[in-house]
Every structure is written in structure tokens, then in C-alpha cells.
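> Show me how the following folds:
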Amino acid sequence: MSFQSITTKATQNLQKRVQGKWFNTDGTPKPNYIFKIADNTPKGDAGEQIVGEIFNQIYTELYPNSVVTVDVVGADKGDYDVIVKISGHFDIKIEVKTATEDSNGKFQWNGLKKKIDYDYAFGLGVTPDDFVFAIQPREYLEETLTTNMSRDVEGSYKWSSKKDDNVLPLTEVNIINRLEQLNLM
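A predicted model of the protein is given here:
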């Protein structure tokens with residue numbers, strides 16, 4: 001007795017459900033499909049790299065007469081993943097979380113901690129064809145995050161995207177507008 005017909009049917013049904021979102025009509029994966037299937041660590045490392053390069057590009061353009069240093073320190077697994085230093089202006093410690101879009105068009109950024117050394121959380125959302133983001137101060141997250149990632153893990157929270165989180169398409173204009181709202185300019 002073989003279960004291959006059962007598993008094959010379930011696999012085909014799942015592919016049909018997922019195909020509309022993460023696959024093209026010809027069955028080929030959409031551009032960001034690799035994020036959907038990647039293990040969490042390399043997916044997070046890629047997100048940290050993207051965020052670090054975005055901040056470097058934006059702040060270098062905005063502060064042409066200052067020394068802008070952006071270090072992606074996530075591989076060291078400290079309290080934050082990216083530190084931005086703009087000489088004579090400010091330093092920002094950023095915790096980066098990367099998540100793929102779920103079947104409801106939402107994102108769940110996992111593993112945020114309260115009362116540790118970061119200033120802002122950057123939620124990078126990956127859709128099949130594009131990227132979105134949300135930036136929130138640690139204080140906002142400390143007040144609003146209430147759900148632990150799992151029963152076995154205390155103090156590590158889920159940040160599920162909602163309207164109040166200002167999830168926006170990842171564009172230079174949207175990032176700059178959000179940085180202005182947060183007084184990070």
C-alpha cells in the first residue's frame with residue numbers, strides 16, 4: 001500500500017492554492033519566491049542587507065556634507081541589526097525583521113523583544129513581486145505587542161501588520177516621508 005496518490009493530490013492542491021500568489025500562470029516562480037522558501041536566518045540576513053543599503057543611500061543623499069556610516073551588525077546577533085551614524089547629527093539602532101506576505105495579504109514579523117537596545121524596528125515585507133515596509137519606534141512596539149511567538153518562548157513577540165503600522169510600498173519617497181514623520185531627518 002502506498003500513500004503516493006494521497007500526497008501527490010495534496011501537493012497539487014496546495015500548488016494550485018499558492019500558485020496564484022507566488023507563481024506565474026505558466027508555473028514559474030515570481031521574482032521574490034526565494035524569500036518564501038528560504039530558511040529564516042538567510043532570509044533575515046538578506047533583509048538586513050537591504051535595509052542597511054537603503055539607509056546608507058538615503059542618508060548619504062540627505063547629508064552630503066556629513067560622514068554617514070551604516071553597519072549591518074545582524075550577523076553578530078546583538079540587540080539590533082543595523083546602526084546608522086551621521087556625524088554631527090544622530091545615531092539610530094534598528095532591529096530588522098523580514099516576513100513574507102501571508103494568504104491574507106498581511107505580514108508577521110517575529111522575534112521582537114521589549115526593553116532591549118534598539119531605537120526602531122523596521123519590518124520588511126516581501127510580496128511575490130515587490131517589497132513593503134513599516135518602521136515603528138521601540139516604545140510603540142513595547143506598548144502594542146502582547147502576543148508571544150509561541151507558548152515555549154517568553155519575551156519574544158509577534159508584530160502582525162495592521163493599518164496603524166503604516167505598511168507602505170518600499171519606495172524612496174515613502175521611506176523619506178516616514179523618516180520625516182519619525183523626526184529622523
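
> give the contact list for Ala38.
Ala46 (C-beta atoms under 8 Å, 6 or more residues apart in numbering). C-beta coordinates here come from the backbone N, C-alpha and C atoms, glycine included.

> For Pro31, see how far away it is.
Distance, Ala38 to Pro31, using C-beta to C-beta, to the nearest Å: 14 Å.

> Any regions of the protein where pLDDT drops low?
For the chain, the stretches with pLDDT under 70 are 1, 16-20, 75-77, 150, 153, 163-164.

> can you pull out the strands in it?
Secondary structure of the chain (DSSP state E): strands located at 68-72, 82-86, 90-100, 108-112, 120-126, 131-137, 148-150, 153-160, 168-169.

> Domain map for this structure?
1-28, 31-181 (automatic domain parsing).

> highest average neighbour count across those?
Comparing the domains of the chain by mean neighbour count (mean count of other C-beta atoms under 10 Å), domain 31-181 comes out on top with a mean of 16.

> if we can go back for a sec, can I get the strands of the chain in TSV including distance to Leu62?
Formatted as TSV, the strands of the chain follow (distance: least, C-beta to C-beta, whole Å):
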stretch	distance to Leu62
strand 68-72	9
strand 82-86	9
strand 90-100	12
strand 108-112	26
strand 120-126	17
strand 131-137	16
strand 148-150	35
strand 153-160	27
strand 168-169	19
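
> So for Glu61, which of the ones you listed sits nearest?
Checking the strands of the chain against Glu61 by C-beta to C-beta gives strand 68-72 as the closest, at 9.2 Å.

> Using PDB, write out every CA atom in the closest one.
The C-alpha trace of strand 68-72 is given here as PDB (Å, rounded to 0.1, in the frame of the first residue of the first chain):
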ATOM      1  CA  VAL A  68      27.400  58.600   7.100                       C
ATOM      2  CA  THR A  69      28.300  55.200   8.400                       C
ATOM      3  CA  VAL A  70      25.900  52.300   8.200                       C
ATOM      4  CA  ASP A  71      26.900  49.000   9.700                       C
ATOM      5  CA  VAL A  72      24.900  45.800   9.300                       C
END
